[in-house]
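Asks: what's the 3D shape of this:
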Amino acid sequence: MTLPQPRPGVMSIPLYEGGKSRIQGVNRVIKLSSNEAALGPSPKAVAAYAERQTTLHRYPLGDSGELRAAIAEVHGLDPARIICGAGSDEVLSLLCRAYAGPGDEVIHTAHGFLMYAIYALSVGATPVAVAERNLTADVSAILAAVTPRTKIVFLANPNNPTGTYLPKQIVAGLRAALREDIVLILDAAYAEFMDTPDYDDGTALATNTPNTVITRTFSKIYGLGGLRLGWGYGPKAIIDTMERLRSPFNISSAAQAAGAAAVRDRAHIAKAKSHNAKWMKVALQRLRGLGLEIEGESGNFVLAKFDGKDGKTAAAADEFLQSRGLIARRVENYGLPHHLRISIGADDEMEILLNALDDFMGVRHG
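Replies: Residues are numbered from 1 along each chain as shown. Prediction:
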């Protein structure tokens, strides 16, 4: 008897593993492994979500029209050039389905989001990992990796898990140097945390070029990771192509309502951003004071490198933190076995974390 067989290559696709969230035998777990919002979602988003409970028997708007209108209003965009997905992950997947396939190549940086390679493999394309320089995307290396088979270039900016970014002038130079038939996808999941004047999320490129798309998410500063909500913006021709592949009713009505309220609640976003900036400054000072190396400072997380001296390895640090009920993110699967990625948490969580790392590193307090 011949059983159904998956398409060639499917079983070689690695499984994506999210940040750990449980520690056996520990009641209060402080989860700092998934870059979730320290302050949670906007109360207005929670209220909007709750209001939909009486109409759960109705299908949502298939085109997420109200949510696209809210995004367009806040960001000054054309709603017809916005597509919404179940997390920005779905938008990334749609782009691979639309523009890559067997025989094609998809470029991403060595320490970029793991799903870039997974989505490339899912459509039969070949992912091409490009070396970074000081944990930062290297435009020269990206361009050197381009071949006639290249169809997509993924660039996370800022990048997770490294916390580094490329200035807008360098990103524009990358776009100008790529062939016109290559889609440049700028994954700006952490854009809301950025304040530096040399950064932008790529909106201008997506507006003014026919081959650039940006993706954004509601899972980080907006605190709606549990609803799976994201969006993309780009040329009308590319968005129309993706719409032909998008599943109908892919965003629930409650998620659409919560997302629209969240993006409009600028006061909550400002509060979350201020909290993140405060603790980012404290964390960088404290962790560097312990001798830990941190390359990037973008996003709502830090990537700390442990040198391994006297047994102070990333693995040992992770084990010690878990003994205190703290979960950070091991990043061996990103090719970073000596690092831990640690999300910025609430005030008390950060105090507990930093004191625990003091203890691990052997710092004695007066």
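Asks: tell me the contacts of residue 83?
Replies: By CB atoms under 8 Å, 6 or more residues apart in numbering, the contact set of residue 83 is 91, 94, 231, 232, 233, 239, 242, 243, 246. The C-beta positions use only the backbone N, C-alpha and C, and glycine is treated the same way.
Asks: now tabulate the residues you listed in JSON lines and tack on pLDDT.
Replies: Compiled in JSON lines, the contacts of residue 83 are given as follows (pLDDT from 0 to 100):
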{"residue": "91", "pLDDT": "98"}
{"residue": "94", "pLDDT": "98"}
{"residue": "231", "pLDDT": "98"}
{"residue": "232", "pLDDT": "98"}
{"residue": "233", "pLDDT": "98"}
{"residue": "239", "pLDDT": "98"}
{"residue": "242", "pLDDT": "98"}
{"residue": "243", "pLDDT": "97"}
{"residue": "246", "pLDDT": "97"}
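Asks: quick check: mean pLDDT of the longest helix seen in the chain?
Replies: Longest helix of the chain, by residue count under DSSP state H: helix 266-289. Mean pLDDT, computed over helix 266-289, is 97.
Asks: which other helices and strands contact that helix?
Replies: Under the contact definition 3 or more CB pairs under 8 Å, 6 or more residues apart in numbering; DSSP states H and E, helix 266-289 sits against strand 293-294, strand 301-305, helix 347-361.
Asks: quick check: angle from the last one to strand 301-305?
Replies: Relative orientation of helix 347-361 with respect to strand 301-305: 0 degrees, computed using axes from the mean of the first three to the mean of the last three CA atoms, to 10 degrees.
Asks: show me what helix 347-361 is in contact with.
Replies: Against helix 347-361 from outside (CB under 8 Å, 6+ apart): 30, 32, 38, 279, 282-283, 286-287, 290-292, 312, 316-317, 320-321, 324, 326, 342, 344-345, 365.
Asks: may I see the ChimeraX selection of the buried members of those?
Replies: Selection command for ChimeraX covering only the buried members of the contacts of helix 347-361, criterion 16 or more other CB atoms under 10 Å:
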select :30,32,38,279,283,286,287,290,292,312,317,320,321,324,326,342,344,345
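Asks: filter the contacts of residue 83 to the buried ones?
Replies: Among the contacts of residue 83, the ones that count as buried by 16+ other CB under 10 Å are 91, 94, 231, 232, 233, 239, 242, 246.
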